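Peer 1: no sequence for this one, just the structure:
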Ligand SMILES: [Fe+2]
């Protein structure tokens, strides 16, 4: 793995020509890279970083009332993340441990996909700690702590979603070829990151990518909806740089959960 200072941001990142932001991002990544302690290391977030968190989490919590599936909201209510400041990963980890047996470990940036998925099989979520650029609080081209916590950690507060994530991690470990892992990644993308389901006569989401995106969560109901067919997902392309124009909608979250658990259980066994 490269040193935190060498971790580049994407060319279209809003902070790409802001040296102060890049320095701060690298400093937080350096803290995250310290694996000497068992819990995620403490980060002293600035007032500006807390302000970005507050802006995004307050706006999303209002939208979640209408657009998030019930089971995600069960997890979010149990975890009860603060609205006014960036939470410490160690605090979130301790709470998840008591709720569903999950832990959060800090990483300085993107990790290899096999490492990220594999950790899920041990009820461990690898999370970044830096915050998106303050000029565009509602957008990030890369996972940041807002995506990790609001999208994923909230979900992991739900026993059902926690089991689903673990099942996905176990399946990933059975991917013996890159082609198999590629299929798994596509399914993961269209379900755990961008899954939608009908609930109370509305289309709602349980996907972390939608749940943590202020812009996209308000748009996903206009996407082209395809039937919830996991074999089709596994062969479908996606573009991470723009809103998803195709989503796979299940008739309910219960149906999606059953089909996903069956797929993950049988993945890589034949
Ligand atoms: Fe994610």
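Peer 2: Structure received. Keep in mind that what you see is a predicted model, and the values were worked out from it rather than measured.

Peer 1: Quick one: residues contacting residue 180.
Peer 2: Counting by CB atoms under 8 Å, 6 or more residues apart in numbering, residue 180 touches 174, 267, 268. For the C-beta atoms, the positions are set from N, CA and C on the backbone; glycine is no exception.

Peer 1: and if we set it to 7 Å?
Peer 2: residue 268 (CB atoms under 7 Å, 6 or more residues apart in numbering).

Peer 1: where does it land in three-state SS?
Peer 2: Using DSSP: H, G, I helix; E, B strand; the rest coil, the structure places residue 180 in helix.

Peer 1: now do the one 3 residues further on
Peer 2: Using three-state DSSP, the structure places residue 183 in helix.

Peer 1: What sits closest to it if chain neighbours are left out?
Peer 2: Leaving aside its sequence neighbours, residue 183 sits nearest to residue 234 (CB to CB, 6 or more residues apart in numbering; 4.1 Å).

Peer 1: repeat for residue 161
Peer 2: That would be residue 155: by CB to CB, 6+ apart, it lies 4.3 Å from residue 161.

Peer 1: which secondary structure element contains that neighbour?
Peer 2: Here residue 155 sits within helix 154-156, counting by DSSP states H and E.

Peer 1: so where's the stretch 101-250 of the chain uncertain?
Peer 2: By pLDDT under 70, the stretch 101-250 of the chain has no low-scoring segment.

Peer 1: make it 90
Peer 2: Within the stretch 101-250 of the chain, the stretches with pLDDT under 90 are 109-110, 136-142, 239-244.

Peer 1: Helices of that one, start to end?
Peer 2: Using DSSP state H, counting those that start in this stretch, the helices of the stretch 101-250 of the chain run over 113-120, 145-146, 154-156, 159-172, 178-188, 208-211, 230-233.

Peer 1: List the buried residues of the first one.
Peer 2: Read it as helix 113-120. Neighbour-count burial for helix 113-120 flags 113, 116, 117, 118, 119, 120 (criterion: 16 or more other CB atoms under 10 Å).

Peer 1: Looking at those, spot the one nearest residue 53.
Peer 2: Closest to residue 53 out of the buried residues of helix 113-120 is residue 116 (22.8 Å), distances taken as CB to CB.

Peer 1: Please name the nearest non-neighbouring residue to that closest one.
Peer 2: Ranked by CB to CB, 6+ apart and with sequence neighbours excluded, the top spatial neighbour of residue 116 is residue 126, at 5.5 Å.

Peer 1: For the one you found, name its beta-bridge partners.
Peer 2: In this entry, residue 126 is beta-bridged to residue 105, by DSSP bridges.

Peer 1: Tell me how many other residues crowd it.
Peer 2: As a burial measure, residue 126 scores 19 neighbours (other CB atoms under 10 Å).

Peer 1: pretty sure it is touching residue 119, no?
Peer 2: Yes - using CB atoms under 7 Å, residue 126 is in contact with residue 119, at 5.2 Å.

Peer 1: okay, now the residue nearest to residue 183: neighbour count?
Peer 2: Residues contacting residue 234 under the criterion other CB under 10 Å number 18.

Peer 1: for residue 102, same thing?
Peer 2: A count of nearby residues for residue 102, using other CB under 10 Å, gives 24.
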